[in-house]
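Visitor: the sequence isn't on hand, but the structure is:
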């Protein structure tokens with residue numbers, strides 16, 4: 001009797017949207033830093049070696065191009081997540097689960113099963129998805145403050161929207177740093193995100 005066919009740990013749709021998001025987000029962060037440098041909010045600028053666009057016009061062009069890729073790809077991800085039931089794996093955890101897994105993570109004893117998300121991961125993914133929604137909405141409010149004035153007003157106006165956008169971006173950068181650190185600590189999770197893996 002033949003055994004049942006093993007399923008991919010990460011389905012193709014998940015892998016494609018993951019890597020397209022990674023590309024678009026890195027490009028948007030780099031071009032966003034170049035845009036920020038033209039009119040800084042704080043008493044610092046980003047080194048030119050880590051910005052994209054080299055000058056304001058080129059940075060804006062890259063930023064807008066990647067915005068459309070990010071939004072389209074994000075919509076595909078959200079529709080697939082809802083239709084496939086994948087959202088159940090990412091459902092926000094309760095406070096007790098977060099606290100228990102956080103203690104294990106800080107003591108480097110947190111178990112990581114391939115294809116499953118622990119409470120810390122679910123918290124981080126929920127957080128970055130929320131930051132992604134905020135960064136898109138605040139970005140639209142900055143891009144078209146007159147045409148989208150209700151959105152701009154909701155976020156506190158053009159100037160406040162810039163701060164909201166900056167801090168949402170900072171949250172995404174912080175997530176990426178933690179994400180990459182966790183991949184470095186548990187490298188077995190990377191190959192299935194490329195090949196799909198089997199379970």
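Guide: That came in fine, so what should we check first? From a predicted model like this one, the values you see are computed outputs, not experimental measurements.
Visitor: out of everything not next to it in sequence, what's closest to the spatially most central residue of the chain?
Guide: Nearest residue to the geometric centre of the chain (Cα atoms, centre = their mean): residue 128, 5.0 Å. Using Cβ to Cβ, 6 or more residues apart in numbering and skipping the chain neighbours, the partner closest in space to residue 128 is residue 175 (4.2 Å). C-betas here are computed from N, CA, C, even on glycine.
Visitor: hmm, residue 127 and that neighbour touching each other?
Guide: Yes: using Cβ atoms under 8 Å as the test, residue 175 is close enough to residue 127 to be in contact (6.8 Å).
Visitor: tell me where the protein has helices.
Guide: 12-38, 56-84, 95-106, 119-143, 149-154, 158-185, 190-195 (DSSP state H).
Visitor: mind putting the ones you listed in a markdown table, mean pLDDT included?
Guide: Formatted as a markdown table, the helices of the chain follow (pLDDT from 0 to 100):
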| stretch | mean pLDDT |
| --- | --- |
| helix 12-38 | 95 |
| helix 56-84 | 93 |
| helix 95-106 | 82 |
| helix 119-143 | 90 |
| helix 149-154 | 95 |
| helix 158-185 | 92 |
| helix 190-195 | 85 |
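Visitor: outline the domain layout of the protein.
Guide: Using automatic domain parsing, the domain ranges for the chain come out as 9-85, 91-186.
Visitor: tell me how far the longest one lies from the chain's centre.
Guide: Looking back up the chat, that one is domain 91-186. Centroid separation between domain 91-186 and its chain, computed with Cα atoms, centre = their mean, to the nearest Å, is 7 Å.
Visitor: repeat that for the first one.
Guide: How far domain 9-85 lies from its chain's middle: 9 Å, per Cα atoms, centre = their mean.
Visitor: nearest residue to residue 71 in space, please, no chain neighbours.
Guide: Of all residues not flanking residue 71 in the chain, residue 136 sits nearest, at 6.3 Å (Cβ to Cβ, 6+ apart).
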